[in-house]
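Peer 1: Provide a 3D model corresponding to the input given below.
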Amino acid sequence: MDRPCTPRRAAALCLGLNLFMPLALAGCHAGEDAPPDGHGGWLKASTTTLFQGVDGGGHAFIGGTAFVSPGYVAVRQSGVCGLLCTYDDAYPGVDVAWTNHTLGTAGPAGSSYGTATGWQHAWSASVPLAMGLNTIVVSARDPAGTSASVTLTVTYVDVTAPTVKVMSPAAGATGIAGGTSIAATFSEEMEPGSISTATFLLREAGGDLVSGSVGFAGRVATFTPTARLRGLTTYEVDLTSGMKDLVGNALETTRSWTFTTGVVPDTTPPVVSSTTPLDGGCALVEASLGATFSEPVLGSSVNPSTFLVRDALDLPVAGTVGLDAAGRAVFTPGSRLASATHHTAMLTTGITDLAGNPLASSHSWAFTTPLAGTGAWTAMDTTLAPSQRSLHTAVWTGTELIVWGGQSLETGALGDGARYDPVAASWRPVSSVGAPSARTGHVAVWTGRRMIVWGGVGPVQGPGGSYDPATDTWTAISSIGSPFPRHVASAVWTGTEMIVWGGADSSGGPQGDGGRYDPVADAWSPVSSTGAPAARYWHAAVWTGSAMLIWGGSPEVGGIYRPATDSWTVLPTLGAPAVRLRPVAAWTGREMLVWGGEGGIPLDSGGRFDPATETWRPISSACAPAARSWHSGAWTGTELIVWGGSGGSGALLQTGGRYDPARDTWLPTPVAGAPHPRYDASATWCGTELIVWGGRHNPIPGSSPDHGTGASYRPQP
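Peer 2: Below is the predicted model:
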């Protein structure tokens, strides 16, 4: 059911119903609260009503009705529910929650019931939106355990004109240094192509335009004069309506202000503050080189004649040179640098500040590129392979890789899988008879004989399952005493039981408890909550042989859980890496390794924790892979291999690295033959090779956002 776009205030929104499943609600059962005639007994919804609206902040207002299953009866005392009941009254209600999968946000919906709603369970919610198409899933669950969901698509279009929030120098400011750049901060992200010397103007008040260059980063536009501004002079700044935001909304009117320079000239020469890489460091063959200065420098003075790079034979390396938006000098090689090669870089005194003061002295530094990526990638045959998916699980049995579950943005949660034999290079399906319900964000462990699947989210919240590849059969596992349903939790196999901990509930709320599942007894027992870490999800967990280590997620402090005593101790933070979501983690036999992840921005750092001494030490950053999040990785027995993910600019990566903790060194993985760049893929060590499969990418129009392909990587010394 599609609905037309309706503009409101400074935005426009389209709301459509992609899929409907009836939701149910219990009426008041007896006494004075019984539904009126014509509405008695149990009702099922035959339609879902939706209303829409949007405010300047980009929120969709959605609502509808729901009924619980006939199997549930809510008996309430008379007089409690008359005109209107809310979820907080004695009536237990129906849990209704929403998740915006595009924005990655979730929350509960408000609900009410009574004569004011025609004895129907009514729900409504305000959902924050991302720009463009949003996929919103509304789910309902009654106290009897019946659940259903409906998926909405909402398109948010920004029609609000940008404004100037901060001006520097401020309007009317005096005594401004002649070497100052002029900056304007906007109310929203702007189209970089609209920020130029044609739209950002500086002139002497009543006089000629001042020449200069314009840079733009984030929401800040900066005008850097070609020469030092004259002293004791009033200047006028004009920002024209040619400036536009990312969707083409122009600045409402030209914004103008003035400031006056001071009398003190700048005679201090600039100096180099830092370089990338450091002197004597390592630079990736595809990386740019950079330098920062003690003060802004003249953009035109940073050029191929003043920023020089030479190879081991002292031959010049071709590349482009300039200042980035932050005022950093950047050298971008015209082609990949030679591997395992010594290079030198030099900044000459031809570089000057805005007052014309040259660099105090030429600055040189040296660096080395790493060895070329060793080993080889081999594409996997896709005959009988699982359908395209991401956020699935993959386990190695010793002879086969089993891929199961996950999600497709086109079809939703998945409840199937396949088995891959790397020797025969062939796939065969996993039986669906008796398999768990479709789900994504679940956990899976290999026991040595069976794959155990538990948790996750999907259209139906069903129990987990145990899969025996020897007989290609599924067995449901007990849910008695299991943890509250959740997704994106962690799970480890101890040799005798699966320990599940943390995760998020259906509304996105972090969980701080867990459970232990014994597959022989088909029984759950709780994990002690005394001294447990704070609730979290997307964290790292490893099994040491005697303890489970929890680290990362949102809170900074992790924990050490010892099942032999059912007890927790705090995992130290001294020397630990910055807290982050979704790091790749591995147990080496002595230490826990964590690397990369999302800490506000993608990260290129990591750490090593030794539980014997309860100490952290850093992982070398020399020639480490580029910063990334939502990447994949696995432990080989001697190395941690990381691959793919999303980089600092949001671009998807096809690169990776091999970390050797014995030497504290990195080697790159080759790009040739590597899978198409992606994130949320599985990466599994299969004895002699790393198998990367599935994942998600930024699709071109008409293509699927999910991958149904993979490749195996065999490293070489």
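Peer 1: CA atoms only: put stretch 630-645 into PDB for me.
Peer 2: As requested, C-alpha coordinates have been extracted for stretch 630-645 and formatted as PDB (Å, rounded to 0.1, in the frame of the first residue of the first chain):
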ATOM      1  CA  TRP A 630      32.400  -3.700  10.100                       C
ATOM      2  CA  HIS A 631      35.300  -5.800   8.800                       C
ATOM      3  CA  SER A 632      36.000  -9.600   9.100                       C
ATOM      4  CA  GLY A 633      38.800 -11.500  10.600                       C
ATOM      5  CA  ALA A 634      40.000 -14.900  11.900                       C
ATOM      6  CA  TRP A 635      42.900 -16.500  13.800                       C
ATOM      7  CA  THR A 636      45.000 -19.000  11.900                       C
ATOM      8  CA  GLY A 637      46.900 -20.500  14.800                       C
ATOM      9  CA  THR A 638      49.800 -18.100  14.200                       C
ATOM     10  CA  GLU A 639      48.400 -14.900  12.700                       C
ATOM     11  CA  LEU A 640      45.300 -12.700  12.900                       C
ATOM     12  CA  ILE A 641      44.000 -12.000   9.400                       C
ATOM     13  CA  VAL A 642      41.600  -9.000   9.000                       C
ATOM     14  CA  TRP A 643      40.000  -8.100   5.700                       C
ATOM     15  CA  GLY A 644      37.400  -5.800   4.100                       C
ATOM     16  CA  GLY A 645      35.000  -3.500   6.000                       C
END
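Peer 1: Flag every buried residue along it.
Peer 2: 630-636, 639-645 (16 or more other CB atoms under 10 Å). Every C-beta, even on glycine, is put in place using the N, C-alpha and C of the backbone.
Peer 1: repeat for stretch 353-367
Peer 2: The neighbour-count check on stretch 353-367 (16+ other CB under 10 Å) flags 353, 354, 355, 357, 358, 359, 363, 365, 367 as buried.
Peer 1: can those residues go into CSV with extra columns for pLDDT, secondary structure and distance to residue 522?
Peer 2: CSV is the format used below for the buried residues of stretch 353-367 (pLDDT from 0 to 100; DSSP: H, G, I helix; E, B strand; the rest coil; distance: CB to CB, whole Å):
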residue, pLDDT, secondary structure, distance to residue 522
353, 95, strand, 74
354, 92, coil, 74
355, 88, coil, 78
357, 95, coil, 78
358, 97, strand, 78
359, 96, coil, 73
363, 97, strand, 68
365, 96, strand, 63
367, 93, strand, 58
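Peer 1: Going by distance to residue 664, which of the residues you listed wins?
Peer 2: Comparing the buried residues of stretch 353-367 against residue 664 with CB to CB picks out residue 367 as the nearest, at 18.3 Å.
Peer 1: you'd agree the closest one is up against residue 343?
Peer 2: Yes. With contacts counted by CB atoms under 8 Å, residue 367 reaches residue 343, the gap being 5.6 Å.
Peer 1: Could you tell me which residues touch both of the two?
Peer 2: In terms of CB atoms under 8 Å, 6 or more residues apart in numbering, residue 367 and residue 343 are both contacted by the residues residue 283.
Peer 1: Please save the CA atoms from stretch 584-592 in PDB.
Peer 2: What follows is stretch 584-592, C-alpha atoms only, in PDB (Å, rounded to 0.1, in the frame of the first residue of the first chain):
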ATOM      1  CA  VAL A 584      37.800  -8.400  15.400                       C
ATOM      2  CA  ALA A 585      39.000 -10.500  18.300                       C
ATOM      3  CA  ALA A 586      41.000 -13.700  18.700                       C
ATOM      4  CA  TRP A 587      42.700 -15.900  21.300                       C
ATOM      5  CA  THR A 588      46.300 -16.800  20.500                       C
ATOM      6  CA  GLY A 589      46.700 -19.400  23.300                       C
ATOM      7  CA  ARG A 590      48.200 -16.800  25.500                       C
ATOM      8  CA  GLU A 591      46.600 -13.400  24.700                       C
ATOM      9  CA  MET A 592      43.400 -11.900  23.500                       C
END
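Peer 1: Spatially, which two of the buried residues of stretch 353-367 are the most separated?
Peer 2: Of all pairs in those, the most separated under CB to CB is 355 and 367 at 31.2 Å.
Peer 1: From what I see, residue 345 and residue 362 are in contact.
Peer 2: No. In this structure, residue 345 is not within contact of residue 362 by CB under 8 Å, at 11.0 Å.
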